[in-house]
Structure formats: structure tokens, C-alpha cells
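Novice: A predicted structure for the sequence below; I have some questions about it.
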Amino acid sequence: MHRILLGAGLLLACALPASAQMIAKGAAFPAWNLQDHTDKSVSSTDLAGKPYLLWYYPAALTPGCTTEGRELRDRSEEYKAAGIEVLGVSFDAPAANQRFVETESFPFRLLSDSDKTLAIEVGAATSSSQGYAKRISYLVGADGNVIEAYDDVKPAEHAAQVLADFGSVEAKE
């Protein structure tokens, strides 16, 4: 009986996806290169020396993603004043992200992580077969290190939360 339970436990453990690991606060954010909604290449090297928010969202033009994007759009002047570049990332193709930008008048770039390489590395996916990105974000500092990692994003509150967190970091420096 014990062997059956142990075998069933191992089978169950193998059937469940591994938990996606977030990058720790203070750790270096990995180098990346993705296509934006205009099919232009964007990389972490392009952003060296300035802070940025990389927010993963499940899919363009869906309710929660639209809410989060609108909140970021509506606070874009505050982000600009703080010097923070906002970048959305999903598994959507650039054309789908282009429609999202146009429909919602987003003033920021949306990136396509269609092969899910970065998503797996940063905890937005557990495998390349995952259909949608997990809703997570990273606030990355000008030095390329993670200022804050957000694994429990509430779409309607996230934009304000990030600005508050960045403001408290700036006040300490």
C-alpha cells in the first residue's frame, strides 16, 4: 500500500508544472532582446542606465490586461517624470500587440516573447508550452538590478504601487 501511495505521489508531482521562480530583489535582471509591436528589436542593452518596468500580461485586449495597461497609460506622465520606461510583455505576436497599442492609445511599447525564453527565465512561464504569461512585473533599476519583483499583481492597483515603490527607493538614495 505504501508503494502505491508513494508511486501516486511521484506521478502527481511529475504531472504538475514546476513553480515559476521570480528573480530576487537586488539580483541582476537577465539580458534580453525582444521584438516590439512595430517589429523593432528592443533589448536590455538599449535601456542600460535608466530604470524600467517590465510587466508581463497574459494576452492583449483581455479585461485584466486592458485594465492594467490603462492604469499605466493614465499615469504615463508620472512614469516619465520619474524616468521609468514602461514595457509590456506577452506571448502575443507583434501584430496583436500593435492592435492593443492602437485600441488603447498606449504611449509605451509592447514586446513579444513568443518563444517564452525570457518568460521562463524570469518566472512568467514554467515551460515553452505554456499558453499565457503569468501576470508579473519587475521594476529594474538603472544599474540593471531588480528594485522590486511583483508576483501578485492587481491590475487596477499596480501602476500606483510601482510608482510608490520607486519613490520610496529614490527617497532612500
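Specialist: Looks like it arrived, so ask away.

Novice: how about E68, what does it touch?
Specialist: Taking C-beta atoms under 8 Å, 6 or more residues apart in numbering, we find E68 in contact with W55, Y57, R135, V153, P155, A156, H158, A159. Glycine gets a C-beta too; all of them are placed from N, C-alpha and C.

Novice: Now, those that are in helices?
Specialist: Those of the contacts of E68 mapping onto helices are H158, A159, per DSSP state H.

Novice: Let me have the contacts of E68 in JSON lines, adding distance to G69 as columns.
Specialist: Shown next, in JSON lines, are those (distance: C-beta to C-beta, whole Å):
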{"residue": "W55", "distance to G69": "9"}
{"residue": "Y57", "distance to G69": "7"}
{"residue": "R135", "distance to G69": "12"}
{"residue": "V153", "distance to G69": "12"}
{"residue": "P155", "distance to G69": "8"}
{"residue": "A156", "distance to G69": "11"}
{"residue": "H158", "distance to G69": "10"}
{"residue": "A159", "distance to G69": "9"}
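
Novice: next SSE after the strand or helix carrying I120?
Specialist: Assigned by DSSP states H and E, I120 belongs to helix 117-122. Downstream of helix 117-122, the first helix or strand assigned by DSSP H and E is strand 137-140.

Novice: coming back round to it: in terms of secondary structure, what does the helix holding I120 contact?
Specialist: Using 3 or more C-beta pairs under 8 Å, 6 or more residues apart in numbering; DSSP states H and E, the elements in contact with helix 117-122 are strand 52-56.

Novice: on contacts alone, who are the packing partners of the strand it packs on?
Specialist: Counting contacts by 3+ C-beta pairs under 8 Å, 6+ apart, strand 52-56 is packed against helix 63-74, strand 85-90, helix 117-122, strand 137-140.

Novice: redo that, cut-off 10 Å
Specialist: Here strand 52-56 touches helix 63-74, helix 76-82, strand 85-90, strand 109-112, helix 117-122, strand 137-140, strand 146-150, helix 158-172, going by 3 or more C-beta pairs under 10 Å, 6 or more residues apart in numbering; DSSP states H and E.
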